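coordinates for the following, if possible.
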Amino acid sequence: MDRQQISRLAHAHHPVAAPLADDSVARLLDRATARASGPATQAGAAAPAAQGRTAPGRVLDLGCGEGAWLLRTLAANPRWQAVGVDLDAAALTRARESATALGVERRIGLHHLDVREFTTKEPFDLVLCVGSTHAFGGLLPTLAAARELLAPGGRLLVGEGFWQREPSRAALEGLGATRDELADLAETTDRVRTDGWTPVYGHVSTEQEWDDYEFSWTGALAEWALDHPDHPDAATAREAADRHRTEWLHGYRGTLGFVTYLLRRD
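Numbering: from 1, shown residues only. As a prediction, this is how the structure comes out:
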């Protein structure tokens, strides 16, 4: 059982692969797809959020998985087009099936490709990379890649980990990380600003969101193993769930934070 298959099973009940509740996702997307207030939105015109739903737009998700962010964007914005990029072919197949079920399959394009290799001739109004910055080698390389894909005035929704407190040895071992891979929230935000981006909104995942995500991740994987005791991968799935739960509860719980920024270029 490879890591992609484990991830698909673990996210069965939490399709957004990040510690974000449904209302947090909805609020972030509402802000991300809203048009900035200007002459066209004044003098009794439609509010920015409403314009986001009625005006055309293009959204790209780098590391889209099963397309949870894209499908929600398309459902709320009937005139938007979406593009997703991911290396997990099975996840992309599920994304296509979900798009067909929602009736938005003609408004979404999915690419089985390394996100670092994706290019476009037509830039995007919104680029997303939430929980997938590792695919670029970190936050700053992700920002550099997104800069080349955004249209003027476009927005980037990016989710990144940070240290809520100084990590213990157990936390680092549980994450398979080193201390300097992440910074605290203030320094992480400073790095974003120094790189030429302005946070116009953001959300720090709560402890409840983290616990729900981790219990969902480990629980879905363990339940699959219990429901398929004769499957050749059942023991592997159960072992992965148990190991992850231990690494979380005895390691990084309360230490690893997660922030989702809505950014615009300076």
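
distance of residue 251 relative to residue 170?
Here the criterion is Cβ to Cβ, to the nearest Å. By it, residue 251 lies 5 Å from residue 170. To be clear about C-beta, it is placed using only N, CA and C from the backbone, and glycine gets the same treatment.

per-residue pLDDT, the closest residue in space to residue 164 that isn't next to it in sequence?
Closest residue to residue 164 apart from its sequence neighbours, by Cβ to Cβ, 6 or more residues apart in numbering: residue 257 at 4.0 Å. Here, the pLDDT recorded for residue 257 equals 98.

again with residue 24
At residue 24, the pLDDT value in this model is 98.

likewise for the one 10 residues further on?
In this prediction, residue 34 carries a pLDDT score of 91.

just the CA trace of stretch 206-224, in PDB.
Written as PDB, here are the backbone C-alpha positions of stretch 206-224 (Å, rounded to 0.1, in the frame of the first residue of the first chain):
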ATOM      1  CA  THR A 206      -8.100  25.600  16.100                       C
ATOM      2  CA  GLU A 207      -7.300  22.700  18.400                       C
ATOM      3  CA  GLN A 208     -10.800  21.400  17.700                       C
ATOM      4  CA  GLU A 209     -10.100  21.400  13.900                       C
ATOM      5  CA  TRP A 210      -6.800  19.700  14.500                       C
ATOM      6  CA  ASP A 211      -8.300  17.000  16.700                       C
ATOM      7  CA  ASP A 212     -11.200  16.400  14.300                       C
ATOM      8  CA  TYR A 213      -8.800  16.100  11.400                       C
ATOM      9  CA  GLU A 214      -6.400  13.700  13.100                       C
ATOM     10  CA  PHE A 215      -9.200  11.500  14.600                       C
ATOM     11  CA  SER A 216     -10.800  11.400  11.200                       C
ATOM     12  CA  TRP A 217      -7.500  10.500   9.500                       C
ATOM     13  CA  THR A 218      -6.600   7.700  11.800                       C
ATOM     14  CA  GLY A 219     -10.200   6.500  12.300                       C
ATOM     15  CA  ALA A 220     -11.000   6.200   8.600                       C
ATOM     16  CA  LEU A 221      -7.900   4.200   7.900                       C
ATOM     17  CA  ALA A 222      -8.300   2.000  11.000                       C
ATOM     18  CA  GLU A 223     -12.000   1.400  10.100                       C
ATOM     19  CA  TRP A 224     -11.100   0.400   6.600                       C
END
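
all good on my end, thank you.
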